[in-house]
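Asks: below: sequence and its predicted model.
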Amino acid sequence: MSHAHTHNHTSLKGRNLLISIFLNIIITTAQVIGGLLSGSLSLLSDALHNFSDVISLIISYGANKLVGKKASLQKTFGYKRAEILAAFINAVSLIVIAILLIMEAVERFSNPQEIKSNLVIWLSTIAILGNGFSVLLLRKDSELNMNIKSAYLHLFTDMMASVAVLIGGLLMKYYQVFWVDSVLTLLIALYLIWMGFDLLKQSTKVLMLFTPDNIPVKEIVNEINNFDSIKNIHHVHIWQLNEDEVHFEAHIDFNKDITLSQFDDILQEIEVLVFKKYKINHVNIQPEFGKVDAKDVIVQD
């Protein structure tokens, strides 16, 4: 019964993501065409934001589908890093395109162009409705899953960006202040750079096997060194496979030549300690006794 419930929930989550993907593809296409026809740069920049949502949703959908795929001899970690790699590529492209939009917006300040505001108003309204519906679809799942939460936040922020574009369209229609289009473009592009840089930084840290920011290495080393049977812990590696898995590897020198069963008991204590206090869920310890090697906490391999 429990297995069936999980399967149905995963299918429902996948269906909601798929609906959101199709909605955002339609919105993005409409905004690109509308932006080109109306001459609105802010509408095009909002289309870029929507496109980033499409990528984010596809990543989330793909990750949801790949959960059931097993590891193999050629892929011992399976596809667990696919979404990290995609996030890195998405972040780089987002920053590059946002910089190009800023350059265009700055140029338009000196040469404001008349914008077909009616098209901007209608398309931004459609974007608000479409993203709002997607937000409602994913809201429940976002409370239970970090992957879905990131997609949910993308959609929510894009809905707010579309509200800004709508306000700009109304100002252009009734007050003929066409420079507001360039201002909105700058604001949205700067937001995209901020969001893209944060995503780039996070994904780079994971790809480079950096220690997660919330893991205090010295504190963990000191706690394990306080075990009576342990002489020294060294050659420590702490790294993140994806958003769900944190790995801890180390060499441990024991005070005496213990049995394998004694080592298993100590290993279990270490696993409980690092999981409860630091959310590290994969532990790999190499036991040693009297081995001559480097005893530094961090050893360059």
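Replies: All right, it came through fine. Numbering: from 1, shown residues only.
Asks: doesn't Ile285 belong to a strand?
Replies: Yes - using DSSP: H, G, I helix; E, B strand; the rest coil, the assignment for Ile285 is a strand.
Asks: so it bridges to which residues?
Replies: Taking DSSP bridges as the rule, Ile285 bridges to Ala250.
Asks: skip the chain neighbours and tell me the closest residue to Gly196.
Replies: What sits nearest to Gly196 in space, not counting adjacent residues and going by C-beta to C-beta, 6 or more residues apart in numbering, is Leu94, at 3.7 Å. Glycine gets a C-beta too; all of them are placed from N, C-alpha and C.
Asks: er, Leu267 I mean
Replies: Ile285 (5.8 Å).
Asks: that neighbour reaches Asp253, doesn't it?
Replies: No - with contact defined as C-beta atoms under 8 Å, Ile285 does not count as touching Asp253 (11.2 Å).
Asks: returning to what we had before: pLDDT at the residue nearest to Gly196, what is it?
Replies: For Leu94, the model assigns a pLDDT of 74.
Asks: what helix or strand is it on?
Replies: helix 82-110 (DSSP states H and E).
Asks: beyond that helix, next helix or strand please.
Replies: helix 117-142.
Asks: measure Ser182 to Tyr175 for me?
Replies: According to C-beta to C-beta, to the nearest Å, Ser182 and Tyr175 sit 15 Å apart.
Asks: more neighbours, these two?
Replies: Ser182 (23 against 9; other C-beta atoms under 10 Å).
Asks: buried sites along the helix or strand where the more buried one lies?
Replies: If you go by DSSP H and E, Ser182 is part of helix 179-207. Residues of helix 179-207 classed as buried by neighbour count (16 or more other C-beta atoms under 10 Å): 180-189, 191-193, 195-196, 199-200, 202-203, 205-206.
Asks: and the closest residue to Tyr278 other than its chain neighbours, what element?
Replies: In this structure, Tyr278 finds its nearest non-sequential neighbour in Ile215, 5.8 Å apart by C-beta to C-beta, 6+ apart. Counting by DSSP H and E, no helix or strand carries Ile215.
Asks: tell me the confidence at Ile215?
Replies: What the model reports for Ile215 is a pLDDT of 95.
Asks: hang on, isn't it packed against His237?
Replies: No - Ile215 is beyond contact range of His237, at 11.3 Å (criterion: C-beta under 8 Å).
Asks: residues contacting Val299?
Replies: 234-235 (C-beta atoms under 8 Å, 6 or more residues apart in numbering).
Asks: ok and the helix holding Ser182 relative to helix 117-142, angle-wise?
Replies: Relative orientation of helix 179-207 versus helix 117-142 (axes from the mean of the first three to the mean of the last three C-alpha atoms, to 10 degrees): 30 degrees.
Asks: if you count contacts, what does helix 179-207 end up packed against?
Replies: Here helix 179-207 touches helix 41-66, helix 82-110, helix 146-175, going by 3 or more C-beta pairs under 8 Å, 6 or more residues apart in numbering; DSSP states H and E.
Asks: let me know the angle separating it from helix 82-110.
Replies: 150 degrees.
Asks: neighbours of Lys69, just the number please.
Replies: 11.
Asks: do Gly35 as well
Replies: Number of residues near Gly35 (other C-beta under 10 Å) recorded here: 23.
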